[in-house]
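Structure for this input, please:
(2 chains)
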2 protein chains.
Amino acid sequence: MPHAWHLKSRPSGLPTADNFEHKEITLPELADGMVHVRNRWLSVDPYMRGRMNDVKSYVPPFQVGEPLEGGAIGEVVESRSPDFQPGDTVMHMMGWRDEAVLPAQALNKLPTIPGVEPQAFLGNLGLTGGTAYWGLLDAAKAKAGDIVFVSAAAGAVGSAVVQIAKAKGMTVIGSAGGADKVAFVKSLGADECIDYKAGVPLVKALSEVAPKGIDVYFDNVGGEHLDAALALGRKDARFAICGMIDGYNSGAPTSLRYLMRVIAMRMSLKGFIYTDYLPRNGEFYAEMGPWVASGAVKGRDTVVEGLDKTPEAFLGLFTGANTGKMLVKL
Amino acid sequence: MPHAWHLKSRPSGLPTADNFEHKEITLPELADGMVHVRNRWLSVDPYMRGRMNDVKSYVPPFQVGEPLEGGAIGEVVESRSPDFQPGDTVMHMMGWRDEAVLPAQALNKLPTIPGVEPQAFLGNLGLTGGTAYWGLLDAAKAKAGDIVFVSAAAGAVGSAVVQIAKAKGMTVIGSAGGADKVAFVKSLGADECIDYKAGVPLVKALSEVAPKGIDVYFDNVGGEHLDAALALGRKDARFAICGMIDGYNSGAPTSLRYLMRVIAMRMSLKGFIYTDYLPRNGEFYAEMGPWVASGAVKGRDTVVEGLDKTPEAFLGLFTGANTGKMLVKL
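I've put the predicted structure just below:
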């Protein structure tokens, strides 16, 4: 019998194992246009915590007593849609369970890229890599020869930015907190990496490793990192604004000492959202697929095995149990 | 005999009449490739104060004992260049004098636009109007139907932005300080104008007149105006960053409460400089010329007559003697 993890109660603060319940589910009948999928990989992500609250947002909240949802990759077992055949590898949003019956429109057939494991489509060929790819190459229009600065360079998105930039012939300067993360960023090919926890003011630290200034800044952090990038931006510098984690919790205004340089240096700053680029997934797969296959762009997955371990994998996101992308293998 | 105003001594603080000396000059011989011009209009501008200091900048300082320089429009008297004929109207940088001999490369022949007076090329067909035109239409990519917010809307650049935006079918919201300036901005055709001195927080004031938000912001001010624009920017909003006068004197960092909205709203901010667009002057004249001729885009010139009044005109810039562009007519 198929099983799914259900939301047993809404967490207050950090979730615990008690908020989840493992129960049998009954699959709907395989009506016309429906597809039966056996899941192979489940994604657990920090954003799911938000859906456990009963608040209106751009995605609706999970319901108490109902199965949870999330990104998943599976194999078609049976199909009543002409678009899917048994054996097809598909991506969909009915995670947190081992089997699902979905309408064909809710499934994406994954392209076969030699050397690429299907779970990559939950990481460097999914939201993580897509955010890095489009932010760097479209929002910031980065090109070969550019000097690129990326904050949170040891994070999932940041480390993809470092590797894509190197694959495209750019000079890459990362920022990360602590010696281990700095070493990791350099192991990915970054030309330089500053340690923002080392006590050196960021403008000074960045000017030392980027004496000619920077052409591109990929912002995951905001705040002082953004200000340092403004201080060092040279003529026509382009900033992709992906995230500003510095402000998520504090709620404090961003204080920028070097913002006025955007005029003299003709800089531009651009905010962007990954999902706007989904219609261009074909382009993305064509270029990123071979990089993932060859190892030019590597992820650092943390894999937990078994559906029963799914809540544990999810809770681990908040205790640092993961390095890079957290996945559940069924 | 030709005369020119010379820098007699470097001012400290506000300049005074004692810093200037009116003296005869000897024109160089009219060698091959040189052109002799009789000036008709001189421009005096606040930036000239900076050139009176002995500091390195992107333009070299004026020298004590030497003639001053600045934008001027004149008529060719005699020419030893095949590119200029007596009677041609030309623009050049040898202002503060009644006659000048210059190399042909230092002259720009002005196009003849029916209904346009030559002095317009020192205002709405020069730096002022060009800054407004390119900032609005190129840096911010504003188009018909957009809701445009412009700060310092009663200023020379701001009032050109208001009128160009209306000529292009946009909705325009200005910001100005005090009832008189607000009335002036509305007289230019602005749909709304907020009075930033009225004591209402800017975000609130702007949200009241722009309940749907804004698509474009033309920034002459920075600081709280920029933050209010960030608060009200809607999807794909574009900001042209022209000036940040709020920070010129205070030197304080810019504090932005709403910067993070650039991500969710996919906003972009772009700094720009008028001179980058000089190669596209042809396009600019073709569109702006008829607007200036028809009065669709009006300037508010303050005209002082006579070369002897030039220092007085210049000093008046710092005491509010001018409304709009200050010009000297010879």
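
show me where pLDDT drops low in the stretch 1-150 of chain A?
With pLDDT under 70 as the threshold, the stretch 1-150 of chain A has low-confidence stretches at A:56-59.

And the helices in it, which stretches?
Here the stretch 1-150 of chain A has its helices, by DSSP state H, counting those that start in this stretch, at A:47-51, A:127-134.

Now mean neighbour count and distance to chain B too, for the ones you listed, in a markdown table please.
(Glycine included, C-beta is placed from N, CA and C.) As requested, these are exported to a markdown table (neighbours: other Cβ atoms under 10 Å in any protein chain shown; distance: least, Cβ to the nearest Cβ, whole Å):
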| stretch | mean neighbour count | distance to chain B |
| --- | --- | --- |
| helix A:47-51 | 15 | 14 |
| helix A:127-134 | 25 | 11 |
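
can I get those helices in TSV with distance to A:W96?
Below are the helices of the stretch 1-150 of chain A laid out as TSV (distance: least, Cβ to Cβ, whole Å):
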stretch	distance to A:W96
helix A:47-51	9
helix A:127-134	17
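
Identify the residue nearest the residue nearest to the spatial centre of chain A in space, chain neighbours excluded?
Closest residue to the average C-alpha location of chain A: A:T128 at 2.6 Å, with Cα atoms, centre = their mean. Spatially, and ignoring its direct neighbours in sequence, A:T128 is nearest to A:A156 (4.6 Å; Cβ to Cβ, 6 or more residues apart in numbering or on different chains).

For the one you found, list the residues it contacts.
Applying Cβ atoms under 8 Å, 6 or more residues apart in numbering or on different chains to A:A156 gives the contacts A:123, A:128, A:299-300, A:324-325.

how about those residues, which pair is most distant?
Farthest apart among the contacts of A:A156 by Cβ to Cβ are A:T128 and A:R300. That separation is 10.6 Å.

Spell out which residues are contacts of both of these two.
A:156, A:325.

And the closest residue in space to A:E69 that isn't next to it in sequence, how far from chain B?
Spatial nearest neighbour of A:E69, excluding adjacent residues (Cβ to Cβ, 6+ apart): A:M93 at 5.5 Å. In this structure, A:M93 lies at 21 Å from chain B, with Cβ to the nearest Cβ, to the nearest Å as the measure.

Pull the number of nearby residues for A:M93.
Using other Cβ atoms under 10 Å in any protein chain shown, A:M93 has 14 neighbouring residues.

One more: the one 5 residues further on?
For A:D98, the tally of surrounding residues (other Cβ under 10 Å) stands at 20.

domains of chain A?
Domain assignment for chain A by automatic domain parsing gives A:3-123+A:299-329, A:130-275.

Just name the closest of the contacts of A:A156 to B:G115, please.
For the contacts of A:A156, the nearest to B:G115 is A:T128 (59.8 Å; Cβ to Cβ).

right, and that closest one touches A:V157 too?
Yes - using Cβ atoms under 8 Å, A:T128 is in contact with A:V157, at 5.7 Å.

Quick one: the helices in the stretch 201-330 of chain A, in order.
A:202-209, A:223-232, A:245-250, A:261-264, A:281-294, A:310-316.

ok, of those helices, where does mean pLDDT dip lowest?
Mean pLDDT is lowest for helix A:245-250 out of these, coming in at a mean of 63.
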